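Chemist: Output the structure for:
(one chain, ligands or ions: 1)
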Amino acid sequence: MSLHKLTLHELQQKFTAGEVSAAEIVRAYFLRINQVEPKVRAYVTTLKESAAADAGVLDEKLKSWRKTAPLMAMPLAVKDNICTDQVRTSCSSRMLEQFVPPYDATVMAKLRANGALLLGKTNLDEFAMGSSTENSAFGPSRNPWNLAHVPGGSSGGSAAAVAADECAAALGSDTGGSIRQPAAFCGVVGLKPTYGRLSRYGLVAFASSLDQIGPITKCVTDAALMMNVLAGHDERDSTSANVAVPDYLRALKKKDVKKLRFGVPREYFAEGLDPEVEQAVRAAIGEWKTLGGEIKEISLPRTDAAVATYYLIATAEASSNLARYDGVKYGLRSKQAVNLADMYLKTRQEGFGSEVKRRIMLGTYALSAGYYDAYYGKAQAVRTLIKQDFDAAFKEVDLIVTPVTPTPAFKLGEKLQDPLQMYLSDIYTISVNLAGLPAISVPCGFSAAGLPIGVQLIGRVFEEETILRAAHAYEQATDWRTKKAVVRA
Ligand code: GLN
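Modeler: As a prediction, the model looks like this:
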């Protein structure tokens, strides 16, 4: 079987058994990348030479070493808003097109320390603002299942790379759904961990109280494997939590969901939900019932306020975070300017795309003196109420099951002229970020047109184990994971 088709844990077993070398793995993956990347465009940077060199060093060392690190020789991709030492980190923005970080993000350092090989940096919506990768300054990525459709966003490059077998697993970031939504659109697994579970040190900030890094993988076992490496406290990130990290792979040993109570929030199955998506998600709920779960209808009454709340808080934080791109500290500096004020202005005019500008303006407005209480203050209050809805629900149930997206992947260009339509594609994912909860997207079927559909499981804070266990039980009971995208011109 071709190496690129294997899941991360299958490839790991092959490597540990001495059946393949790191150099062979890198060769096989770049062969695959050469084949499909001209169509999929998942990467903004590929690192063929350095990956091959790192693999060579690893193979050499292994003549005298034992293979112990869990990700040794594993070919991975990382979203291009996560800092990588000496490798450009562009955020798919003209502003950072030439930016080469002098350090690794903590998650990247952990991947390297565990032996992983970095194949490249993946495309995203500029500064992770968007749901389709169409806001990338370098052009969109494509959905490997149908190239006329978007892969989702903002981690669309990472999800497309995993779905097209251009890497064994990838990292994404999720501020309002950017791991889960592209995972659902591309038929792969995406886990957004609890806020604070992973270090955000070295993640280029979009909305700091919502951002979280997480894995995008071919199966649930691989997500658990990645979490074992990534999770944990980091003194460089003051919001990272000092909470013990369990062995996530062990959590998968239990293959049933007996005694688990699944809540189905009625507000998530209302107007706007595509019937094909609803049917697939309801069938998944039926499967959890068959596996021994208890299914309960619940209510999350403030669901309809989530999109508005999110787009006030996220834009407010973005306007503050993105103030640092002024042509002075790093990144682009306009060459057209006549004086300092003009340089600030022109740098930002030239460096940012229109969605980023829209959000900076919205956020600045929401934070301005006369409107702060009416908009930002109100949004913070509603955020607390949304969190309380979840707290109440989790007194009755252990997990919450919902759709990930209202529809399967839409066509390129379909929502570009209407930002509000684009924003609504996050309606089922953003509450989770507002409440700081962990959630996973797992494949649960296909539309008649052959596009993947995902189901979301939301858990209590720091209960990724429960999510992974239930997701794994479902995955093993169905055969969605065996279906692979065929990249056609
Ligand atoms: N699509 C959402 C937005 O545009 C979420 C983005 C994200 O999670 N990074 O803000």
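Chemist: Tell me how far the helix or strand of the chain with the lowest mean pLDDT lies from the chain's centre.
Modeler: When the helices and strands of the chain are scored by mean pLDDT, DSSP states H and E, helix 419-424 comes last with a mean of 85. In terms of Cα atoms, centre = their mean, to the nearest Å, the centre of helix 419-424 is set 19 Å apart from its chain centre.
Chemist: Kindly report the same for stretch 410-423.
Modeler: 20 Å.
Chemist: What are the buried residues along it?
Modeler: Under the neighbour-count criterion of 16 or more other Cβ atoms under 10 Å, stretch 410-423 has 410, 412, 414-416, 422-423 buried. For the C-beta atoms, the positions are set from N, CA and C on the backbone; glycine is no exception.
Chemist: Quick one: end-to-end distance for that stretch.
Modeler: Stretch 410-423 has an end-to-end distance of 13 Å (criterion: Cα to Cα, to the nearest Å).
Chemist: picking that back up, can you tell me which two in the buried residues of stretch 410-423 are farthest apart?
Modeler: Across the buried residues of stretch 410-423, the longest distance by Cβ to Cβ is 17.6 Å; it joins L412 and Y423.
Chemist: hey, C-alpha coordinates of stretch 249-260 in CSV?
Modeler: Extracted C-alpha coordinates of stretch 249-260, given in CSV (Å, rounded to 0.1, in the frame of the first residue of the first chain):
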residue,chain,number,x,y,z
LEU,A,249,-4.8,7.0,23.5
ARG,A,250,-5.8,5.0,26.5
ALA,A,251,-9.2,6.7,26.5
LEU,A,252,-9.9,5.0,23.2
LYS,A,253,-9.7,1.5,24.6
LYS,A,254,-13.3,1.5,25.6
LYS,A,255,-15.3,0.9,22.4
ASP,A,256,-18.8,1.5,23.7
VAL,A,257,-20.4,4.6,25.0
LYS,A,258,-22.4,3.0,27.8
LYS,A,259,-23.5,5.4,30.6
LEU,A,260,-22.7,8.4,28.4
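Chemist: which residues touch that stretch?
Modeler: With Cβ atoms under 8 Å, 6 or more residues apart in numbering as the contact definition, stretch 249-260 has outside contacts at 220-221, 224-225, 228, 288, 291-294, 398-399, 465-466, 468-470, 472-473, 476.
Chemist: tell me which parts of the protein are close to the ligand?
Modeler: Within reach of the ligand by Cβ under 6 Å from any ligand atom, the chain has these residues: 128-131, 154, 174-178, 206, 314, 426.
Chemist: Now tell me which of the residues you listed the prediction trusts least.
Modeler: The lowest pLDDT within those belongs to D426, with 90.
Chemist: Isn't that one up against Y310?
Modeler: Yes - the pair D426 and Y310 qualifies as a contact (Cβ atoms under 8 Å) at a distance of 7.4 Å.
Chemist: any common contacting residues for the two?
Modeler: G176.
Chemist: Burial check on the closest residue in space to T364 that isn't next to it in sequence, number of neighbours?
Modeler: In space, and not counting its chain neighbours, T364 is closest to S319: 4.6 Å by Cβ to Cβ, 6 or more residues apart in numbering. Using other Cβ atoms under 10 Å, S319 has 20 neighbouring residues.
Chemist: What helix or strand is S319 located in?
Modeler: S319 is located in helix 306-321, with elements delineated by DSSP states H and E.
Chemist: chain center to that helix: distance?
Modeler: In terms of Cα atoms, centre = their mean, the gap separating the centre of helix 306-321 from the centre of its chain is 18 Å.
Chemist: Tell me which residues touch the residue of the stretch 201-350 of the chain found nearest the ligand, please.
Modeler: At 5.4 Å from the ligand, A314 is the closest residue in the stretch 201-350 of the chain, using Cβ to the nearest ligand atom. Taking Cβ under 8 Å, 6+ apart, we find A314 in contact with 175-176, 206-207, 210, 359, 363.
Chemist: Check the residues you listed and tell me the two furthest apart.
Modeler: G176 and G363 (14.0 Å).
Chemist: Who has more neighbours out of those two?
Modeler: Using other Cβ under 10 Å as the criterion, G176 and G363 rank with G176 on top: 30 against 25.
Chemist: how much space between that one and S154?
Modeler: 9 Å (Cβ to Cβ, to the nearest Å).
Chemist: re earlier: hmm, I360 and the residue nearest to T364 touching each other?
Modeler: Yes - S319 is within contact range of I360, at 4.8 Å (criterion: Cβ under 8 Å).
Chemist: Next, the buried residues of stretch 217-235.
Modeler: So stretch 217-235, judged by 16+ other Cβ under 10 Å, has buried residues 217-234.
Chemist: Name all residues that make contact with the closest residue to E464 other than its chain neighbours.
Modeler: Closest residue to E464 apart from its sequence neighbours, by Cβ to Cβ, 6+ apart: P438 at 4.9 Å. Going by Cβ under 8 Å, 6+ apart, P438 touches 191-194, 197, 432, 458-459, 461-464, 467.
Chemist: And E267, by the same measure?
Modeler: E267 touches 299-301, 303-304, counting by Cβ under 8 Å, 6+ apart.
Chemist: V382 contacts T309, doesn't it?
Modeler: Yes - counting by Cβ under 8 Å, T309 is a contact partner of V382 at 4.7 Å.
Chemist: how about the helices in the stretch 201-350 of the chain?
Modeler: 220-230, 248-251, 275-290, 306-321, 340-351 (DSSP state H, counting those that start in this stretch).
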